[in-house]
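>>> sequence first, predicted model second:
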There are 2 protein chains.
Amino acid sequence: MLTVLVAPDSFKGCLTSVEVANALASGWRRARPDDALRFSPLADGGEGTLDAIQAAGGWAQMPAAARDPLGRPLSGRFLRQGRRAAVELAVASGLSRVMPEERDALAASTFGTGLILAAAIGLGVRDVVLGVGGSATTDGGSGLLTALGARFLDSDGHDLPGGGGPLGRLARVDLSGLAPVLADVRLTVASDVTNPLLGELGAAAVYGPQKGADEAQVAQLDGNLAHYADLLEAATARRVRDVPGAGAAGGTTFGLLAIADRFASFEVRPGVDVLMELTGFGEKLDEADLVLTGEGRVDAQTAYGKTALGVARRAAAARRGCVCFGGGVTPEGSAGLAEIGTIVVPVVESPIPVEAAIALGSGPVERAAERTAELISLAEMLTRTSRGDGRRPQNGR
Amino acid sequence: MLTVLVAPDSFKGCLTSVEVANALASGWRRARPDDALRFSPLADGGEGTLDAIQAAGGWAQMPAAARDPLGRPLSGRFLRQGRRAAVELAVASGLSRVMPEERDALAASTFGTGLILAAAIGLGVRDVVLGVGGSATTDGGSGLLTALGARFLDSDGHDLPGGGGPLGRLARVDLSGLAPVLADVRLTVASDVTNPLLGELGAAAVYGPQKGADEAQVAQLDGNLAHYADLLEAATARRVRDVPGAGAAGGTTFGLLAIADRFASFEVRPGVDVLMELTGFGEKLDEADLVLTGEGRVDAQTAYGKTALGVARRAAAARRGCVCFGGGVTPEGSAGLAEIGTIVVPVVESPIPVEAAIALGSGPVERAAERTAELISLAEMLTRTSRGDGRRPQNGR
């Protein structure tokens, strides 16, 4: 009997990390029903982050009234564990909250996420992880800050409407209303984005188009964010626009970086590291014999910071066996993980186009886990038998 | 250390069984250099049969002057082991001996194969396996029988030219010249074909088109074979045209069935069974811990007599572990082999079109074997460690 830690990333565009974890578990159990399975599905702070944490167990889901990116009321949620909370920006401010035909890159606001954050703090939470990613917004986090008490005013002293578009008319930033309780709150932003706020690699240029911004709107948003940054940085006396990752979620991280000293502590950390903590990965790894992870594509890029690599490294450091299931695998990706002792197993079963492979859903993942578990059982049998009468193994099933 | 028997079929249209065996061995050795590998690559009696037998070891290659299907001189060969020989019809009479633009379904003859057979017998061989399959011919084996001493005459008493076309003018069959030594020769035909000689499922109708016959020629060849069968069966007083498999290699099996009682013994057997004998599969299986087989496609059809299934069944009967590598695998194919305890491992690594997968050659096969061997090592380590301090496995590499 083995204890197996199931800690995959999502297969982007196909399966969430929770779905991958469930598929791996189903397949594994078919072949080895007696093994103990533990779960720590991973995410990068984007959409599905809360689901992943919840699947690991130990967290309570809390409702929170919020607004969608266009200001419409929405039933939001966060996860709570005593004085800790996990908030996912995509829950209220995610791109999936807006129909493609409704997309409005200029008006989309992070105000709803700020409401959820405020609700959690109001309930006594003092340690918050905010997963950013998958946002519909390019407002520099101004909506979120507004929900926490900041004001963004035009030249007539009126509050600006939400979104990055109106920020062009920003005349004054008033942070005097920021909730004093923030000084007791430890905030951690979970994000894998490294973009700065502005310019060619900035929030508007890189992510604006997928949020519905045309070329002119991208230029307008980039200009507005520059103007907003001038005023907000002046108000806090912190220049943070060029911090790597400031451009995450349409500049939400920039907004939080600007008021970082208002919090008890503020940190931006890679999503996978944060998720590992929240899902108890370390404790579960200590108790595990074997780790199963997974990634949609295991390619040369996997060798540069993708989730599966993080899991593989932790497994290697703890001297645990690790198998990485890949929706698609290249020899380079395989070799990269092999260097740290992880065995890469492709889940694809026959030569078919990518679209067809994606349409197959979780079945191939289940079967890949099943045959891997069967090979483990076969080898166990071979090992045991070869200690008995020397060379008379039984079949593995 | 394990003893591993490598016994794959070819991946049709991509890799010969010898190439598959070499790829599996390379990959396996990368991960487990200390295991002892034994080889028994398989074939169905068609092209590549001699290569497979030779790779298993223990056979000497002998040259034999022959003729190609169109009568041109050719350096042929067969394999010899004492008084046993293996002859491959495709060596002299195979479709690959004729350029596509040269194909002449009416003229193609098995005479060259008969020359090789005669040469082997002349050297003292008394036990011959003849692999048929992949032929360019539709001559009912008349060319082969001619090389053994039979005569096929027209109404003027002249020997007919080779091929199925001239058989329409056959007036008399003269078997008086058949070599008397045949009475000391045990002949086994290795063939997986089940077609009868004539009709809709016969040699001309089913295989004629791929040998270059148009519709009219198919009809002519079928008619000529019927006429030939009438006279040959009358000459031997044996009706064998409807025996399953008589239609193999353009009716070559029919011709041999007709003169079966001239041999010390005559048998038609499934190619894989014969190949297993010639490559010492049984003895090697006895000494093996684990069997690796493989098949281009592991699908529902695999459950109906394909090579990998034969290997899997033998492994199961001997209570040995068995892993089947598939170029492409369907869930049904996988389930069929799982029923007898074989673990099916797809070699494909990412979702790509079939043509692209075939173009990748042996690399994916190597890597599939490598990661399977790695999983075996990982499990060995887990098994050994869990007997030590209870729950502290080392990584598998």
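All right, it came through fine.
>>> which SSE is A:Gly27 in?
helix A:17-31 (DSSP states H and E).
>>> buried set for the helix or strand following that helix?
Remark: after helix A:17-31, the chain's next helix or strand is strand A:36-39, criterion DSSP H and E. Buried positions in strand A:36-39, judged by neighbour count with 16 or more other Cβ atoms under 10 Å in any protein chain shown: A:37-39. No exception for glycine: its C-beta is placed from N, CA and C like everyone else's.
>>> kindly report the same for stretch A:290-300.
Within stretch A:290-300, the residues that count as buried by 16+ other Cβ under 10 Å are A:290-299.
>>> again with stretch A:309-325
A:309-312, A:314-316, A:318, A:320-325.
>>> looking at these, which one is closest to chain B?
Chain B lies nearest to A:Gly321 out of those, by Cβ to the nearest Cβ, at 4.7 Å.
>>> quick one: low-confidence parts of chain A?
Along chain A, segments meeting pLDDT under 70 span A:302-305, A:386-397.
>>> on that earlier part again, and of the buried residues of strand A:36-39, the nearest to B:Gly27?
For the buried residues of strand A:36-39, the residue nearest B:Gly27 by Cβ to Cβ is A:Leu37; the value is 29.5 Å.
>>> would you say A:Asp51 is within a helix?
Yes: counting by DSSP: H, G, I helix; E, B strand; the rest coil, A:Asp51 is part of a helix.
>>> just send the buried residues of stretch A:309-325 back as TSV, with secondary structure and distance to chain B too.
Listed next are these as TSV, based on DSSP: H, G, I helix; E, B strand; the rest coil; distance: Cβ to the nearest Cβ, whole Å:
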residue	secondary structure	distance to chain B
A:Leu309	helix	15
A:Gly310	helix	16
A:Val311	helix	13
A:Ala312	helix	10
A:Arg314	helix	12
A:Ala315	helix	7
A:Ala316	helix	6
A:Ala318	coil	9
A:Arg320	coil	6
A:Gly321	strand	5
A:Cys322	strand	7
A:Val323	strand	7
A:Cys324	strand	10
A:Phe325	strand	11
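>>> so the longest helix anywhere in chain A versus helix A:17-31, what angle?
Longest helix in chain A, counting residues (DSSP state H): helix A:363-387. Inter-element angle recorded for helix A:363-387 and helix A:17-31: 40 degrees (by axes from the mean of the first three to the mean of the last three Cα atoms, to 10 degrees).
>>> off-centre distance for the helix holding A:Gly27?
Relative to its chain's centre, helix A:17-31 lies at 21 Å (Cα atoms, centre = their mean, to the nearest Å).
>>> and it, what does it pack against?
Counting contacts by 3 or more Cβ pairs under 8 Å, 6 or more residues apart in numbering or on different chains; DSSP states H and E, helix A:17-31 is packed against strand A:3-6, strand A:36-39, helix A:49-56, strand A:290-298, helix A:363-387.
>>> just give the nearest non-adjacent residue to A:Tyr207, would you?
Spatially, and ignoring its direct neighbours in sequence, A:Tyr207 is nearest to A:Gly250 (6.7 Å; Cβ to Cβ, 6 or more residues apart in numbering or on different chains).
>>> who are the neighbours in contact with the one you found?
By Cβ atoms under 8 Å, 6 or more residues apart in numbering or on different chains, the residues touching A:Gly250 are A:108, A:110, A:135-141, A:164, A:203-204, A:207, A:211.
>>> tell me the most packed of those, by neighbour count.
Each of the contacts of A:Gly250 was scored for neighbours by other Cβ atoms under 10 Å in any protein chain shown, and A:Asp139 scores highest at 38 neighbours.
>>> dump the residue contacts of that one.
Shown in contact with A:Asp139 (Cβ under 8 Å, 6+ apart): A:108-110, A:162-164, A:167, A:250-252.
>>> which residue is the nearest non-sequential neighbour of it?
A:Gly164 (4.5 Å).
>>> for chain B, see how far away the one you found is.
A:Gly164 is 38 Å from chain B, where distance means Cβ to the nearest Cβ, to the nearest Å.
>>> go ahead and confirm that residue touches A:Ala136.
No: contact criterion Cβ atoms under 8 Å: A:Gly164 and A:Ala136 do not qualify, at 11.0 Å.
>>> what touches both of those two?
With Cβ under 8 Å, 6+ apart, A:Gly164 and A:Ala136 have common neighbours A:105, A:108, A:250.
>>> not counting its neighbours along the chain, what's nearest the first one?
Leaving out its chain neighbours, the residue that sits closest to A:Ala105 by Cβ to Cβ, 6+ apart is A:Ala213, at 3.7 Å.
>>> pop out the phi and psi values for that neighbour.
Dihedral angles phi and psi of A:Ala213 (degrees, to the nearest 10) take the values phi -80, psi 130.
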